[in-house]
Structure formats: C-alpha cells, structure tokens
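# here you go, sequence then predicted model.
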Amino acid sequence: MGFTDNPKMEDYSLRYTPGAFRKWSPWMVFLSCLVGISAMAGYALDAAFVDSFGFGNALIGFGLAAVVTVPLTIVIAFAIARGHIDIDLLTRGSGFGYLGSTVTSLVYATYTLIFLAYEGAIMAQAVTALTGLDIHLSYVAVAVVMIPLTLYGMSFSAKFQAWTWPLWIALIGLALGSAATAPDAGTHMVHPASVGPAGVAGMSVLAIFAIAAAQLSLAAQVGEQGDYLRLMPDPERGKRGRWRLAVVFGGPGFALFAMGIFFASTLLVGYASTKLSPGQVGVPVDLFTAVYERVTGNHTSALILAGTLVLLSQIKINIMNTYSGSLSWSNFFSRLLHRHPGRAAWVFLQVGLSLVLMEIGIFDHIVEVLAWYSNIGIAWIAAMVADLVINKRWLKLAPPQLVFHRAHLYNVNPVGFGSMVIAGAVSMIAYYGAFGSTAAALSPFVALVLALVLPPLIAWLTKGRWYIARISELPEHDGELPCSVCEGSFDVVDMATCPFHGGTVCSLCCSTEGACRDACKPNAWRPPKGAVPLGMPVVARTAQPELEVAR
C-alpha cells in the first residue's frame, strides 16, 4: 500500500475531509489544537521582548496583537471547521484562485518551518544539557525523531496529545508554583534583573507597536490550528454551544492563551533572572532548571525535571509543526509538479529543511525573522478575511459559496492574490526604511490596513468575474461519486465533472493532472469578454451565459 492509499497517513490531505473520517470528538480536536500553549518558544520569546523593551511595553504590545489577530482568526477558524477544508483550500476560494494560492502555500510552509526549526533548537538545547552531546548532533537527533511521530497524522497525534497533557500540566504547575512563592516574585516579574541598560526606559508607543508588529506573524498560526479544526465533526443538535467553544478556543483562542503564557513566562523569567545571566534566561532548559532547583535543592534533579518538561513540550508542538508543514508542502508541490507522492513523503522535506535552519543558528535570530515574516503573513490572512467577510457577506461582491476545485477556479484571482502582493510589497518597502524608521517598525500594520481595504476595491473594479470559471452539474445529495482517475469514491462536494477523462474526478486527481491543460476551462487565466460572474445571486444575473459544463 502506497502513502497516497493509506488514510492513516494521508488524513485526506489536499481535499475535503469526509464525515466518515471525522471520528474525533470536538474535545479531542480541541486538545490537539491546544498544543500551542506547550511551546517553549513562548517562554524564550517573551524573555527576549521583556529584556529589550521592558514588562509594560511587552504586555501592551502582546495585548494589542491579540486584539488584532483574534477577530481575523475567528473568521478563518469557523470557515475551516464548517467547511472541513484546510487553509490552503480556503485560500483558493476566498479570492486567490487556484495557482494564486500556491504562493500562500509557500508562505504557510515557511511559517511552519520557522517554528519547527526554532522549537527544535530549544529541544536540542535540552538534549545537550541532559547528555552532553554536541549541539549540532543534538539538532540531528531532534530532527530525526519527528519523522516517525508524524507519519501517521491525526490517528497518532490525537492519542499522544491527550495522554501527555496530565504530565505536562503537573510539570508546568510545579514550576509556576515554585516561581510564584519565591520572595518578591511580583517585583521580579515586572522588573526582571535580566533587563539590561540597552532596554527601552519607560513606556514607549513605538516599542509597543514594534512588539505588536512582530507578534502579528502569529496570525498565521490559525493555519496550523485549522489543520486539526478541519477534522471537527458536524455539530450535534443540543451541543452546538460546546462545538463553538471548541472551535473558538482551538483556533483564535491561541492568541488568548498567548497572553496567559506571557504572564507565566514573565513570572518564571523574573525569578530565574535573579539566578542566571541574561543569556541563560532566554534558554528554556536553563530557565526551568533554575526554577526547579528551588524545589529540589539539587541541580541534577532540577535538570532532569527541566529536561523532561522541555522535551515533552517540544515533541508536542513539533508534531503540529511537522504535520502542518507536510500538508502545506503537499499543496505547494502538487500544483507545481502535478504529482502527489503522499503527505508523509513531505515530512522528510520539512524535517530536513528545519535541520538546515537549526544548524545556521535560527535560535539567535528569531525576533528578526518574525518581524520580517509578519509583513507577508498578515497580508495573506487579512486579505482572506476581507474577502470572506466584506466581499462575500457584507457587500455581496463575491459568490457566497466557497469553491476550491481546480476545475472550477481561474488560475489567479486578482482580488485576494493582488491585494496580498500589493500589501506585502508596500509593507516590505516600508520595512526596509523607504518611508522612515517609524514606518519600518510598523510595517506589518501597513500590510494589515492595505490587505483589508484592497479586496473589496478590486472585487468592485473586476465585478466579481474572477471567482468561478465554471461549475459542474452534479447530483445534490450527501453521497459519494466515483473518480474516473483513481477509481476511489468520494463525497459529492469533493468532485467535479471532467471532459478530459469523460467522467467525474476528485479534487486531488484534478490537481495532479498535468496532461489535460485545463480542457474544462479554456479561459483559465482570465474571464472571456462580457462574461457574467458565476455563482452570484440570481437577482444580480440578468443575462446568465451558457455554462461551460463538461460534455
């Protein structure tokens, strides 16, 4: 059996997730989404921000970022959970087009890769501290171990995450209790001894927005949450409230949990700063060793506890980073190469690239990397939300339905794709100082505003003609249809009619078909002159053209 024929490995990557596969409860899906709070990156990054800007500036900056990202990510989280598609398929149908979303797959893959490498470097530090192994060999060890842990996707992940939460909660609870009961804990939390003379003195509006700008990169985290939220079962009658809570806290709730992590990390950093040098405070295994040593009174015992916590935390979060990365690379290369060797095959690429980033020292440059990435990441997320909310719901400038099949989409939709490119380009120009130092620090906010304003403007100018290239006449029922290429049977929502193969074809086989040259939609790059938008409300279509349905 190949990778692509194994549902336990594939998890219906690159396609709609059928109800028969979505067998996990909302609670189990939520627990899988929750792994973001276990990430040691939060503790290391919070220490870096507090060290550079002070507690007050960091707190307000984190809060401002949460205020911005929660509304954006809540829209995407519910669209994914209700549509049972990943963020790549959602991007296709929300104003980017079939090939336009290829670029965003690369943007998303980059996000998962950055954090896999950063979290992996933290894990390697713990391995070295426990074993004395050279750090570069530890990088190799922590990269290799992620491969078997992610090959079997959600089937393994859901069980592992659920079983390990009690141990993680006990370990982190012990650490927080130790730091909270230390003398002058509150004072050290707000004024850690590690803050050096280079830090910002007093409150600074520019510092606050600079911190928030870097944190906007975490809006892309909703993609990783979405890779699990797409597996949510349909809400049961009488339990819709619980279902919504699982989606909210499993998706956008990550930003709210990040605020809790901020207080926890600054409490720990405050205590550790009285025992360690500023450089050591930013290394989680050293941080937790200092905190546990107050409980155990023994360095070796404290190191074992700290190493156990860090290793467990990093395995939990890097299962998500590796899994989501394999999905995003699958989406990217299936369109670029018209091949899909299986999701599991891209696990090896994700792990290999992360090893390269670890070896070249991403741990020491993560703040700069996130500040740069924020410009592109927030432009992508904001453009999607603008299309889903403003264009589809409020102004009716786009078809209300979400279409993700290659057979039904134009290759590039200027509404979302064009908006992201323009917003990202302008913000990157600002980032490199073309508009002054203030605009450089706030460049992600430039991307955010442009990406929210441009989609309705471009949709109005293009009259919504770039959303749907054609439609397929398929039976309206909840059953399955056979794919004329792979001979499998899939839900109707995942199928399209195909004149090249003379039957129906599933969305994955449609994506990987390279010989058809878009036979079903000769005008794949632009609508024919005078074309009326497909899928728009009937009252807005007074002269519907004859549809190019497969014959």
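That came through fine. Numbers count the residues shown, from 1 in each chain.

# when you work out contacts or count neighbours from here on, use the C-alpha atoms and nothing else.
Fine.

# wait, isn't Tyr228 in contact with Ser32?
Yes. Shown here, Tyr228 and Ser32 form a contact pair, counting by C-alpha atoms under 8 Å, at 7.0 Å.

# now the helices: where do they sit in the stretch 201-350 of the chain?
205-215, 221-229, 240-250, 253-272, 278-281, 284-296, 299-337, 343-359 (DSSP state H, counting those that start in this stretch).

# show me what the shortest one is packed against.
Translated: helix 278-281. helix 284-296 (3 or more C-alpha pairs under 8 Å, 6 or more residues apart in numbering; DSSP states H and E).

# okay, the angle between the helix it packs on and helix 299-337?
Interaxial angle of helix 284-296 relative to helix 299-337 (axes from the mean of the first three to the mean of the last three C-alpha atoms, to 10 degrees): 150 degrees.

# export helix 284-296 to CSV, keeping only CA atoms.
C-alpha atoms of helix 284-296 as CSV (Å, rounded to 0.1, in the frame of the first residue of the first chain):
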residue,chain,number,x,y,z
PRO,A,284,14.2,27.3,28.4
VAL,A,285,16.2,24.3,29.8
ASP,A,286,18.3,26.7,31.9
LEU,A,287,15.3,28.8,32.9
PHE,A,288,13.3,25.8,34.2
THR,A,289,16.4,24.2,35.8
ALA,A,290,16.8,27.4,37.9
VAL,A,291,13.1,27.3,38.9
TYR,A,292,13.0,23.6,39.7
GLU,A,293,16.2,23.9,41.8
ARG,A,294,14.3,26.0,44.3
VAL,A,295,12.0,23.0,44.8
THR,A,296,14.5,20.1,44.7
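
# now the angle from it to helix 253-272?
Using the same axes, to 10 degrees, the inter-axis angle of helix 284-296 relative to helix 253-272 is 60 degrees.

# how far away from the center of its chain is helix 284-296?
Using C-alpha atoms, centre = their mean, to the nearest Å, the mean C-alpha position of helix 284-296 is found 31 Å from that of the whole chain.

# mind listing what's buried in it?
284-294 (16 or more other C-alpha atoms under 10 Å).

# please name every helix or strand in contact with it.
Helices and strands touching helix 284-296, by 3+ C-alpha pairs under 8 Å, 6+ apart, are helix 100-131, helix 153-180, helix 253-272, helix 278-281, helix 299-337.

# in TSV, list the helices of the stretch 201-350 of the chain along with distance to Gly416 and mean pLDDT.
Output for those, formatted as TSV (distance: least, C-alpha to C-alpha, whole Å; pLDDT from 0 to 100):
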stretch	distance to Gly416	mean pLDDT
helix 205-215	22	88
helix 221-229	17	93
helix 240-250	25	94
helix 253-272	24	88
helix 278-281	42	84
helix 284-296	39	96
helix 299-337	18	94
helix 343-359	27	94
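
# nearest to Ser105, of the ones you listed?
Nearest to Ser105 among the helices of the stretch 201-350 of the chain is helix 299-337 (5.5 Å), distances taken as C-alpha to C-alpha.

# turn the helices and strands packed on helix 284-296 into TSV, columns for distance to Ala496.
Below are the helices and strands packed on helix 284-296 laid out as TSV (distance: least, C-alpha to C-alpha, whole Å):
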stretch	distance to Ala496
helix 100-131	19
helix 153-180	27
helix 253-272	35
helix 278-281	55
helix 299-337	17
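
# and Val421, what does it touch?
Ala379 (C-alpha atoms under 8 Å, 6 or more residues apart in numbering).

# so the host helix or strand of it versus helix 100-131, what angle?
Per DSSP states H and E, Val421 falls inside helix 419-431. Taking the same axes, to 10 degrees, helix 419-431 and helix 100-131 form an angle of 50 degrees between their directions.

# now the two most distant members of the buried residues of helix 284-296.
Pro284 and Arg294 (15.9 Å).

# CA atoms only: put the helix holding Val421 into PDB for me.
Below are the C-alpha coordinates for helix 419-431, written out as PDB (Å, rounded to 0.1, in the frame of the first residue of the first chain):
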ATOM      1  CA  SER A 419      -4.300  42.500  -2.600                       C
ATOM      2  CA  MET A 420      -1.800  40.300  -0.800                       C
ATOM      3  CA  VAL A 421       1.000  41.100  -3.300                       C
ATOM      4  CA  ILE A 422       0.400  44.800  -3.100                       C
ATOM      5  CA  ALA A 423       0.000  44.900   0.600                       C
ATOM      6  CA  GLY A 424       3.100  42.700   1.200                       C
ATOM      7  CA  ALA A 425       5.200  44.700  -1.300                       C
ATOM      8  CA  VAL A 426       4.400  48.100   0.200                       C
ATOM      9  CA  SER A 427       5.000  46.900   3.700                       C
ATOM     10  CA  MET A 428       8.300  45.300   2.800                       C
ATOM     11  CA  ILE A 429       9.400  48.600   1.200                       C
ATOM     12  CA  ALA A 430       8.400  50.300   4.400                       C
ATOM     13  CA  TYR A 431      10.200  47.600   6.500                       C
END
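
# all good on my end, thank you.
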